[in-house]
Each structure stands twice: as C-alpha cells, then as structure tokens.
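Visitor: Quick one, what's the 3D model for this:
(chains A, B, C and D)
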Protein chains: 2
Amino acid sequence: MAEHNGVRGLGRTTRSEERKAEIIRAAMEVIAENGYRGTSLAVVAERVGLTQAGLLHHFPTKEALLVAVLEARDQWDIATATFSGTFWPLDMLGDLVEYNSGRPGIVQVFTVLAGESVTEDHPARPYFHERYRLLRELTAQSLHEEFGDRLPGGLTPQQAAPLVAAVMDGLQVQWLHDPEEVDMAGSFRAFVGLLKGTAGQDADHGPGASG
Amino acid sequence: MAEHNGVRGLGRTTRSEERKAEIIRAAMEVIAENGYRGTSLAVVAERVGLTQAGLLHHFPTKEALLVAVLEARDQWDIATATFSGTFWPLDMLGDLVEYNSGRPGIVQVFTVLAGESVTEDHPARPYFHERYRLLRELTAQSLHEEFGDRLPGGLTPQQAAPLVAAVMDGLQVQWLHDPEEVDMAGSFRAFVGLLKGTAGQDADHGPGASG
DNA sequence: GTCTATAATAAGATAGAC
DNA sequence: GTCTATCTTATTATAGAC
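Guide: Take a look at the predicted model:
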C-alpha cells in the first residue's frame, strides 16, 4: 500500500497500474477481434509497444491477463452501480442497452468470451457461471421491488429474470453481425413493453429491427 | 455421381461418405469442448482412429471441416423442415426448445461457434450472419401467417422475430452454464406466453428458472 | 521494467511410401 | 485411404543481461 514517492489515495494511478490498465485495454481489443484462444500475447504486447516477454513482467501468464480483463469489467459494473444492490427500474435497462450500442468493442469482447466460456476448461467459465447466477438473482430482486409478485405482463420476477439476460445477450450477437438490420435498443424496449403489458399501445419503442 | 459398384439413390452412403460423416460427428464433439480455434485436427482424427494426415485426406483443411459441420447443420434444419418454408406455430417452438434440452452437445457446438463467429476473420462469420438474417425473415413470415399484423401481446411480427432468436440463444448460454438452475424450455414458453398475451393466465408454462 | 535469446511444445499442411 | 516423416510457423513461458 505505501508508496515511496508520497501518499496516494485508495486506488490511484501508480505508473505500474497505469501500464497494466493500458495492457488490459489492448487485451480487450485483441480478444474482441480473435477471442481468448485466438489471442497471442505478442500481439497484445505490440499494441502497447512492448515485447511479449515485457508484457509477462506485468501479467505472469496469459490466464492472469484474462482474469484482469474480467476484473476490470466487474470494476466497471460496480462503478455504474449495476451490482451495488441498487434498484434498476426496467425502463432504465433500455438506456443501458442503448449505451452499449455505442460501444461495439466492449460488447464484442464479452459476447465472444461468453460464448467461449461454455467450453470445458475455459478459464472464464467459473466467472460467467457466477455472473449469470448473480445477474438473475439481482434482476429478480429489482423487478420484485418495482412490481411486486407479478409484472404487469403476467410473469413473476423469477420467470422474467433469465429472459432479461437472454434477450440482452441474444440481441448483442445479432446486432454485432448486422448493426444496420438489428436495432438492439429498439428491440429490447419492445421486449420491455411485453413485460410491462403495454406493447400494443404505441409507446416510443421503435419499429423493431428485421426485415 | 455415378458409382462403380452399382446404383445408389441420391444421397446415400458411400463408404467414403460414411467416413466423412463419422469425422464430422467427432469434429462437432471436439468443437463443443474446445471451440473451433481450440480444436486440433489431431484430436479429431484420433477419435475416429485416424492420424492427422489421414483426416486431411477427407477434408483438405481445417476450415473445410468446419464448413462440413455447418452444412451438416443445414441438412438437419432442412430435414426437420425448419427452413423449408414450412409454417411453424409459435407453440411448436417450445417443443423445439424442449427437444434441444435433451441434446446439450449439439446446443454447445452452435453456441460456441455463434460466439466465435462475431470475431473478425472467423470462417463461420458469413454463415451466422446469413443464418440470423434468414431466421428473422422466416420467423416474421411465420408469425404473420399465424397472427396477422399484430401478435396478441401487441408486437408486430417484425418486432417479435429478432426477439425469438435472441431468447433461444441467450437461454442456451445460461442453460449450458447451469442446467439445474435454468429451465430452458419453461423459460422459453413463458416468453411465448408474453408474445401471445396470455402470460398471466396460468397455462402449462412452468415456474421459470432462477433462484 | 524491459529486452534478447531460447527452450519446449504444438499446430496446420505437404510429400511420398504402402 | 491411410501412414510416416518432415517443413514451417506460432505460441507460452523461462533465464538472464541491461
């Protein structure tokens, strides 16, 4: 914790930490383009002006780098209060999806990793297993706070929770393949309309996506 | 087409074709376990009692083998009439999902490949791009035949189509991670209830999936 | 903290014998 | 149709100099 060149508050910018953050960003880019298994440390290293051996000074193994990427995502989640036990109104999830549609890179890393993660010994497997479990639990809680035992559309929070995560993930895949054709945020909001039982009344959810 | 040892109807069992089919089955197993990028030809070869060079006699490159796996899936789709322009009632999609929940291996190959396929030069990329496009188109058509311009729940067929594919895919990921916790067919049928606007009335769709 | 050099594997693909 | 042998190229990780 103590730093030889003066005080620093909790979690602020060592040179070394800055370097690591830089490497993590590069790793996310390369994983988005090639998946974890298709990613080589040399390519990541090159993007930050290091050699492969130089990179391994900061992260001793390829797997350690992946773990850091995953932890960085959790940090982001916490920062945006997704996981701080905060109550998320259903309508605000549409805003989150819209926000994501401005960040195809981020969406792509985690879509690729989530797909790879179902394989036997993938190092991200435990992470995603737990992440989905927690996501369902917190979504169900949040829906319960907002609507009680039944959503207006008729589902229980427990029934709706896995569907919310599924629709988000599934739309991401289609959207990454065809951003012109697939209106990710619009489609998601149409789904929200279903959950709220207001899908027929023309709200502001757009014209859907396919054609 | 002509075979030196007698007549054979269209598409029946040369020794060579049987061998190929055997290899394709093995490849699907290995891809399910390791993804396409994580799959080595030597491992696939070993499962059918061949060497790596022996396998390459039947499929000249690794990519050719992947293409064959993808074509095999299309054959299956056609066989089960998914893509023959046949009309699929919404309720029957629940049966399809239930059928899939008895074949985790198949579900896993295509979940993994769909995830990998969003990366830059993945050889399955064009395949999935087109597959999702077609799936949305045919789903929208089918829903239109069944319900006309609006589903009972209020969405148009064009709005509902990408959601149907998204829910199927998204539930598969969660179910592969946690088959005990996630009731894939039950959750899907709850979603169908939403589309039909009958989610509140207790139909036979189960108690959802999450804890 | 970063490099060069290198070890240790592993992979896809080709050549040519049987 | 299948094998052995080999080429070529990548990749993770380590050792040790600067």
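Visitor: chain center to the helix ranked longest in chain A, what's the gap?
Guide: The residue-count maximum for a helix in chain A (DSSP state H) belongs to helix A:125-147. Centroid separation for helix A:125-147 versus its chain: 13 Å, with C-alpha atoms, centre = their mean, to the nearest Å.
Visitor: List the buried residues in that helix.
Guide: Buried residues in helix A:125-147, counted by 16 or more other C-beta atoms under 10 Å in any protein chain shown: A:127-129, A:131-133, A:135-136, A:138-140, A:142-144, A:147. In short, each C-beta sits where N, CA and C put it, glycine included.
Visitor: can you narrow these to ones near DNA strand D?
Guide: When C-beta under 7 Å from any atom of the strand is applied, no member of the buried residues of helix A:125-147 is adjacent to DNA strand D.
Visitor: with these in mind, which one is nearest to DNA strand D?
Guide: residue A:127 (17.7 Å; C-beta to the nearest atom of the strand).
Visitor: wait, the closest one sits on residue A:69?
Guide: No - using C-beta atoms under 8 Å, residue A:127 makes no contact with residue A:69, being 10.0 Å away.
Visitor: anything in the longest helix of chain A near chain B?
Guide: Yes - legend: contact between helix A:125-147 and chain B by C-beta under 8 Å from any C-beta of the partner chain is shown at A:125, A:128, A:129, A:132, A:133, A:136, A:137, A:140.
Visitor: what's that helix packed up against?
Guide: helix A:157-177, helix B:157-177 (3 or more C-beta pairs under 8 Å, 6 or more residues apart in numbering or on different chains; DSSP states H and E).
Visitor: Show the pLDDT at residue A:82.
Guide: Residue A:82 is assigned a pLDDT of 67 by the prediction.
Visitor: Using the record's assignment, carve chain A into domains.
Guide: The record's domain split for chain A, according to automatic domain parsing, is A:1-79, A:80-211.
Visitor: so of those, which one's packed in deepest?
Guide: Comparing those by mean neighbour count (mean count of other C-beta atoms under 10 Å in any protein chain shown), domain A:80-211 ranks first with a mean of 20.
Visitor: and residue A:49, backbone torsions?
Guide: When read as degrees, to the nearest 10, the backbone of residue A:49 gives phi 70, psi 40.
Visitor: From chain B, how far out is it?
Guide: For residue A:49, the distance to chain B (C-beta to the nearest C-beta, to the nearest Å) stands at 22 Å.
Visitor: how much space between that residue and DNA strand D?
Guide: Separation of residue A:49 from DNA strand D (C-beta to the nearest atom of the strand, to the nearest Å): 17 Å.
Visitor: Same question for residue A:39.
Guide: 6 Å.
Visitor: check which helix or strand covers the closest residue to DNA strand C within chain A.
Guide: Among the residues of chain A, residue A:54 lies closest to DNA strand C, at 2.4 Å counting by C-beta to the nearest atom of the strand. Residue A:54 is part of helix A:52-58 when elements are defined by DSSP states H and E.
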